[in-house]
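Asker: Quick one: sequence plus predicted model below, questions after.
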Amino acid sequence: MKKISLITAIALAGSSLGAASLEEAIKGVKVDGNSFIRHISNTGGDDGGSGYIMRLVLDLSTGNKSGFNFGGGLFYQYGGTPTYGSRSDNAVDGSRGGRTAGLVGNVFGVSTLWAQYGWEAANTTITGGKLKLATPISSAATDRGVGALATSNPVDGLTLALGWFDSWSADNQYIGGIWTSSNGNIGANTSIGNNLSLIGVNGNYDNFAFKAWYFNIGNLANSLFGEFSVGKEYSFTAQVAYTDVYNSATLALGGLGTIGNNDFVGKQISSSRGLYTLQVATKPTDWLLARAGFVGSFGSGYGVALNNTASFNLAGKWWYDNFGNGRNGFSWNGQGGIEDTHINLWYLAGKASVSIVDIGLDIAGISGKNQFAISKGNDGKPESGNKTFYEITPSVDINIAKGAKLSAYYAMVFGQVDAQRVWAQVSYQF
């Protein structure tokens, strides 16, 4: 996080009075964010395509001003995860910047805009506006909601959260609109109007930690998430999530209106989905980390989260991200949301650090009645089916400077799915 200097310099280029007042107004404003440029190349019998992804995220906050804090953020992205037929030779849109119209993978706009009040005596903050959905079943990086969130720390190690959002968008659903209507993907490129309410409790103590969260999506679904972990140098973590979709689900899709149960794909969507994870990990030294785990499901589906990975423990890099819209993985509107599906995942993962270099290895096996989706079927179009396959992915991160990192991995997928991926990225954390 850094203090603003560029804006101050620009302000000083104006009138001395205006520059002085603006400089005073922004004194102490902090900047947080990240940027990256990424290239992905997919090959193999069940995948293909290449492309670039470029992202810049800037978050501003004023800091404490008599108990109040104000902030906002900008989000720019060009491109998305490539699928079969994608090409990387259409990545520049002209000298002035990207043209985003018509391409939901391309984004530029106000990411967050909020006001916050901190009640110091009660260790409580209340934040309202357009916020990041930072919950165990969503992604703070890409999911947003318009509403309010209150958090409190009544005692050391304990955090309480209470939130309500009038309109919200999970990025996986926004891009793909999967399973939103029997007439097609008409849910793409729109937010969800079903009110989202949540209550959560997090505990973090010397040798154990826990999370317990409840979510209600009005006229659509209820979700539960729980996590318990014990140990430090040697640890065990268990997670469980359950989502119940209403039998007469009604989905409010922004400007597209409301889809009732006659059009909502209730005949194929699982109404009862469950997922659990078990992981053991060891970090005997500062330079070595090893993990082993299993992911299973219960009920009639495994799509329990708003994001395809959320905060679940897993390993591998390709199997849940071969579609940029979260079609695979644990998204509520992905393949795990289909009736009568389940998934099994076992994995081994490790990372060793030597000087500025981190070397990793992920090994994973995926099976079950998972309706796994591939982007390159027999006719060159996406298709899905129950697949048993394996992924072996070595990776490397080079910390080239403070906040700057060069990362790469090579994913090899074999069994009933044949795919390879070369992935490379340069990133910077502000």
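Answerer: Noted; the coordinates are in hand.
Asker: rest of the way, CA atoms for contacts and neighbours
Answerer: Will do.
Asker: burial of the closest residue to Val354 other than its chain neighbours, as a residue count?
Answerer: Nearest residue to Val354, sequence neighbours excluded (C-alpha to C-alpha, 6 or more residues apart in numbering): Trp287, at 7.0 Å. Trp287 has 12 neighbouring residues, counting by other C-alpha atoms under 10 Å.
Asker: show me the contacts for Trp287.
Answerer: 351-354 (C-alpha atoms under 8 Å, 6 or more residues apart in numbering).
Asker: Gln429 now?
Answerer: So Gln429 contacts 32-35, 403-404 (C-alpha under 8 Å, 6+ apart).
Asker: cool, and Phe389?
Answerer: So Phe389 contacts 365-367, 413-417 (C-alpha under 8 Å, 6+ apart).
Asker: Likewise for His39?
Answerer: Per C-alpha under 8 Å, 6+ apart, neighbours of His39: 50-53, 423-425.
Asker: Low-confidence regions, the stretch 151-300 of the chain specifically.
Answerer: 174-189, 254-267 (pLDDT under 70).
Asker: Okay, helices next: where are they in it?
Answerer: For the stretch 151-300 of the chain, the helices defined by DSSP state H, counting those that start in this stretch cover 171-176.
Asker: Can you tell me how far the residue positioned nearest the centre of the chain is from Gly45?
Answerer: In the chain, the C-alpha nearest the mean C-alpha coordinate belongs to Ser139, at 3.2 Å (C-alpha atoms, centre = their mean). The spacing between Ser139 and Gly45, counted by C-alpha to C-alpha, to the nearest Å, is 31 Å.
Asker: before we move on, what about Trp114?
Answerer: 47 Å.
Asker: More neighbours: which of those two?
Answerer: Trp114 (18 against 15).
Asker: on that earlier part again, if you look at the contacts of His39, which of them are in strands?
Answerer: Counted as lying in strands by DSSP state E, out of the contacts of His39, are 50-53, 423-425.
Asker: can you name the two of those that are farthest apart?
Answerer: Using C-alpha to C-alpha, the pair of these lying farthest apart is Ser50 and Gln425, separated by 13.7 Å.
Asker: the more surrounded of those two?
Answerer: Ser50 (22 against 18).
Asker: which SS state does the nearest residue to that one once chain neighbours are set aside fall under?
Answerer: Among residues not flanking Ser50 along the chain, Ser41 sits closest, at 4.2 Å (C-alpha to C-alpha, 6+ apart). Secondary structure state of Ser41, per DSSP: H, G, I helix; E, B strand; the rest coil, is strand.
Asker: what about Gly67, how many neighbours?
Answerer: For Gly67, using other C-alpha under 10 Å, the count is 12.
Asker: Retrieve the pLDDT associated with it.
Answerer: Note for Gly67: predicted pLDDT of 88.
Asker: Could you measure from it over to Val29?
Answerer: Gly67 is 15 Å from Val29, by C-alpha to C-alpha.
Asker: Same question for Ile343.
Answerer: 47 Å.
Asker: Among the two, which residue is more densely surrounded?
Answerer: Ile343 (25 against 17).
Asker: In contact with the more buried one, which residues?
Answerer: 295-297, 302, 366-370.
Asker: Please, a ChimeraX command that selects the buried ones among the contacts of Phe389?
Answerer: Here is the ChimeraX selection string for the buried members of the contacts of Phe389, based on 16 or more other C-alpha atoms under 10 Å:
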select :365,366,367,413,414,417
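Asker: okay if I get the contacts of Phe389 as a markdown table plus distance to Gly336 and secondary structure?
Answerer: Listed next are the contacts of Phe389 as a markdown table, based on distance: C-alpha to C-alpha, whole Å; DSSP: H, G, I helix; E, B strand; the rest coil:
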| residue | distance to Gly336 | secondary structure |
| --- | --- | --- |
| Gly365 | 17 | strand |
| Ile366 | 13 | strand |
| Ser367 | 13 | strand |
| Val413 | 20 | strand |
| Phe414 | 21 | strand |
| Gly415 | 21 | strand |
| Gln416 | 19 | coil |
| Val417 | 18 | coil |
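Asker: mind putting the contacts of Phe389 in JSON lines, pLDDT and distance to Gly85 included?
Answerer: Output for those, formatted as JSON lines (pLDDT from 0 to 100; distance: C-alpha to C-alpha, whole Å):
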{"residue": "Gly365", "pLDDT": "99", "distance to Gly85": "27"}
{"residue": "Ile366", "pLDDT": "99", "distance to Gly85": "25"}
{"residue": "Ser367", "pLDDT": "98", "distance to Gly85": "27"}
{"residue": "Val413", "pLDDT": "98", "distance to Gly85": "19"}
{"residue": "Phe414", "pLDDT": "98", "distance to Gly85": "21"}
{"residue": "Gly415", "pLDDT": "98", "distance to Gly85": "23"}
{"residue": "Gln416", "pLDDT": "98", "distance to Gly85": "21"}
{"residue": "Val417", "pLDDT": "97", "distance to Gly85": "18"}
